[in-house]
Structure formats: structure tokens, C-alpha cells
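1. Have a look; sequence and predicted model below, questions after that.
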2 protein chains.
Amino acid sequence: MTLASLDNEPSSRDRILDVAESLFARRGYAGVGMKEVADGASLGKSSVFHHFKSKAELYSAACVRILGAFEDRLLRSLAEGGTPSVRLERCIGDLIDVLVAHPTHARLLLRSLFEDDDLPQDGPEGAAVYGSIQNIMGPMAKLLREGMSAGEFRLASVSHVLLLLIGPIVFPFASGDFGEQLLGKDVFDPAQVRRIKGELLDLVRVGLSAPNNAREE
Amino acid sequence: MTLASLDNEPSSRDRILDVAESLFARRGYAGVGMKEVADGASLGKSSVFHHFKSKAELYSAACVRILGAFEDRLLRSLAEGGTPSVRLERCIGDLIDVLVAHPTHARLLLRSLFEDDDLPQDGPEGAAVYGSIQNIMGPMAKLLREGMSAGEFRLASVSHVLLLLIGPIVFPFASGDFGEQLLGKDVFDPAQVRRIKGELLDLVRVGLSAPNNAREE
DNA sequence: AATCGGTCCGACCGATCGGTCGGTTTTCTG
DNA sequence: CAGAAAACCGACCGATCGGTCGGACCGATT
């Protein structure tokens, strides 16, 4: 590691990642040029290619970084213990906190989940993205299963509920102008975040709670 | 109108729109070239520019078309009457039906909602997109308000709930490979659609229902 | 037959794309 | 201080980008 890592100034590599993250989030993979990234990081284009050998690798690296942040927070949140419903609500809240802390994250996360064509799909970088997603979805699924067998959640298909939960967690903070227009205020305003989080937790708390009867698996 | 409109074969303009819709949905605005669209429609690039004077206009036109389909279905669904909760569940189900009927719709819809930079933002085309979105969100908000004052839904912030509902409706059918991997089966498989729809409606039915007490506005 | 509007196309334009290369400067290390 | 390694950059490459232009082809009108 260089001396810069002891300073508060980020290394060139991190600066590139920061810029790339924000640009990719806003305009997607194809919408961003390497020149633009280089300019944003105050570097020549060749220097960007020195740190990342291709555009696809840079994109993957940016995705891996934010997915890692998610993974860290989620695993830490899950480790804190409590009943399944307590843990579920806490970890949804924490995930939203991560999204809010870095406004570009939600969009890039959403993109990495639903844009298949951009990612390399294979190679070490693609595997890292894939693994991170697994490491996030796996424990969430486990948590839901635990809650169901403990009788706290109503019985439902875990994978379908999981697929259903991603949308309301991520989309509001990826919605940009649309969300701002709908709410009349900035989605990332603390008061709005609190409101969104509250509504979502209410919905999940009640919507997933077990009725007195049980249905299908 | 030409004679082709009487045939079952779609006009060149419609063919272009079909191709553009599918390509834009998959790779986003910047990820699609006009040459690609032209090839897909079995036309020369110049011919595409004859029907749509710019790429931005083509993109807007594609968005307007799918938003219009949504709007139509939603308004028809809402007009059928019933209690607010019946109408809400029916129209969520119908919206999902539209998404499922045209697998590319969900992705393009999601993009048009959260990618601000692509759309022209102004001009007649941008206004049409904007208006369509308004025509969809407005009645939905009205429906929620009615349900709350009728005591069927719990009291909540309409706009926040609305923002929250979009995610679980649209995302599952835009999730592509990710969703397929999570479920182990194609998201658009009728059985899976039924399952997703069921889980979502369960979640909404219970999660929005009014408890015996009321809270904030 | 002449003409006209609509449709279509090949060729072309300047700009930008991702990426390479050779060489210079900076920084770490022995 | 010498030398290696890492970081950086300007110039350049072929390909592709969105878009234009002049003209060819067509069925319908007069």
C-alpha cells in the first residue's frame, strides 16, 4: 500500500471507483465513457486503464464494492440476534441506512440486479458479484425460514417473498426525480427516509405476521 | 394510414417500436444503437430516422406506448367498481397481467421511472411520458385515500405507500436472470406468476388493512 | 404522362467509443 | 544513490456512434 492510504486523501484507484460508481449509477454501463471517468478522477484515460484493464472490469469492481458494503452490514445486522421478526425488521432498516448513506448505491444495486447483459457474467469479477449476491440472499432466506418455522411469519414461499421484498427496499431510493416528484420532497431527506422506512416496516410487520391459521408451504 | 394497417402485418413504424422496446428494455438507452434497431426491423438506418427524427424521440415513443398500455388497463380496472380494497387488489393483479403479457414492459417501465437522464425531459414527447405517469399515479393515490377514509386501509402517508408499492409490483418481472436464479424457474412461467401475485396480494391485503386503532395521517 | 408525398436506402460526416503503445515522471526499495 | 516498479500521460487506432443527404422506388392523383 502506498503512503496515500495513511492520508485521508483516497488513492487514485478509489477515486476512480468513486467516480465510476456515481456515473454508472446515473447513466448505466453503456452510458458512461472511460474519458468521463478519467476526467472525474482528474486523470488521463490511459491511467484509468492502468488500474482497471477494461471497462467491464471497472464496472464489476464498482458493483463488487457496493455489494460488499451491503453484505458486511447485513451479516453484522443479522449477527446481533433477537427473534426472527426483530432481526428481519432491524436488517431491513439497516439495509435502507446503507442505501441512504450513499445515494448512488441504490441505483447501481438495482442495475446490477436487473441488467444481465452488462456484467461479464463469468471470470473472477463476475464470480465476485455472483458470490456477494448469494451471500446477501442466502442469510435473508434463512431468516425467513426460521421465522416461519418459529411461527412468527405466516407460511409462504421464501424465494417469492424474497423477490418481492427487494423492490420496496431498493426502488424508493433509486427512483430519483420520480420519487422526489411523488413525495414533493427529496427522497433522501432524513424525515422522508424515516417515513418510508416506517411505512415499509409496518407493511412487512403486519403483512408477514402469522395469522392463526396456516396455509401452503 | 397505409394498407398494411388492414393486414395483420404491422407497419414499419410499429416494427421499429417493437424492436426498440425490446432492445431498450434489455440494454437501456445508451446501450442500443440505431443500426441495431434498423437491423432488427429489417430496415436501413436512414429509414428509422425517417419515422423517428432522433434516438431520444424513439425512446420516448417506446416509453409512451407501454405507459399508455398501463394507463388503459389501470383506468379500465379502476372503473369496474367495488370496495377500495377489492379495487386495489384487482388493479394490482391487472397491472401484473400487463407486465407478464409483455415481458419487456417491466424493464422498460422500471427504466423510465428511475433513469432521469435519458428522457428528453421536455418537449411534447417528454410531456406525454410525464402525463402518462401522472395518469397512472393519480388514480392510484385517489384509491388509497378512499380506502383510508372508508376505514378499510390503515391510515398512512399515501405518497409514501405508493412509492413503496411500485417496487414489488414491477421489480420481480424486471429482475431477469436474477429472479430466475432466485426462484429456480422462469419468472414468467404462469405458475410462478400466480405465486408471486398471490404473495404480493397477501402482503398488501394484510399489510394495508386497518387495525382497530388508527395512528398518524 | 407528369407529378407528388411517403418510404426507403447507400454513402457519408464529425465525434466519440474502448483500448493500445511508447515513453516520462514519480515513488518505493535495496 | 541507483535501479526497479508503479503511476501517469499524449497520441494514436479501428470501430461505432447519432445523424444527414441526395436520390431511387412506389402507389395514388390529376
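-> Received it, and whenever you're ready, just let me know what you need.
2. Mind picking out the helix or strand in chain A with the poorest mean pLDDT?
-> Taking mean pLDDT, DSSP states H and E as the measure, the helices and strands of chain A show their lowest mean at helix A:123-149, namely a mean of 90.
3. so how far is that helix from its chain's centroid?
-> Relative to its chain's centre, helix A:123-149 lies at 12 Å (Cα atoms, centre = their mean, to the nearest Å).
4. before we move on, what about stretch A:165-180?
-> Relative to the centre of its chain, stretch A:165-180 is centred 12 Å away, using Cα atoms, centre = their mean.
5. List the buried residues for that stretch?
-> If you call a residue buried by 16 or more other Cβ atoms under 10 Å in any protein chain shown, then stretch A:165-180 has these buried ones: A:165-176, A:178-180. In short, each C-beta sits where N, CA and C put it, glycine included.
6. Report the buried residues of stretch A:36-45.
-> Judged by neighbour count (16+ other Cβ under 10 Å), stretch A:36-45 contains these buried residues: A:36-38, A:40-41, A:43.
7. Indicate whether it makes contact with DNA strand C.
-> Yes - residues of stretch A:36-45 contacting DNA strand C under Cβ under 7 Å from any atom of the strand: A:36, A:45.
8. From chain B, how far off is the one residue in chain A that gets nearest to DNA strand C?
-> As assessed by Cβ to the nearest atom of the strand, DNA strand C sits closest to residue A:33 within chain A, at 2.9 Å. Here residue A:33 is placed at a distance of 10 Å from chain B (Cβ to the nearest Cβ, to the nearest Å).
9. I'd like to know how many residues surround that residue.
-> 14 (other Cβ atoms under 10 Å in any protein chain shown).
10. Residue A:72 too?
-> Other residues near residue A:72 come to 12 when the count uses other Cβ under 10 Å.
11. Let me know the secondary structure of it.
-> In the three-state summary, residue A:72 is assigned as helix, counting by DSSP: H, G, I helix; E, B strand; the rest coil.
12. Report the buried residues of the helix or strand containing residue A:204.
-> Under the criterion of DSSP states H and E, residue A:204 resides in helix A:190-208. For helix A:190-208, a neighbour-count test (16+ other Cβ under 10 Å) marks A:192-193, A:195-204, A:207-208 as buried.
13. about what we covered before: show me the buried residues of stretch A:36-45 that map onto helices.
-> With helices defined by DSSP state H, the entries of the buried residues of stretch A:36-45 inside them are A:36-38, A:40.
14. Closest to DNA strand D out of the buried residues of stretch A:165-180?
-> Checking the buried residues of stretch A:165-180 one by one against DNA strand D (Cβ to the nearest atom of the strand), the nearest turns out to be residue A:176, at 22.3 Å.
15. Just to check, that closest one is in contact with residue B:112?
-> No - because the distance of 11.3 Å does not satisfy Cβ atoms under 8 Å, residue A:176 is recorded as not touching residue B:112.
16. what residues does chain A put near DNA strand D?
-> With the criterion set to Cβ under 7 Å from any atom of the strand, chain A comes near DNA strand D through A:2, A:12-13, A:42-47, A:50-51.
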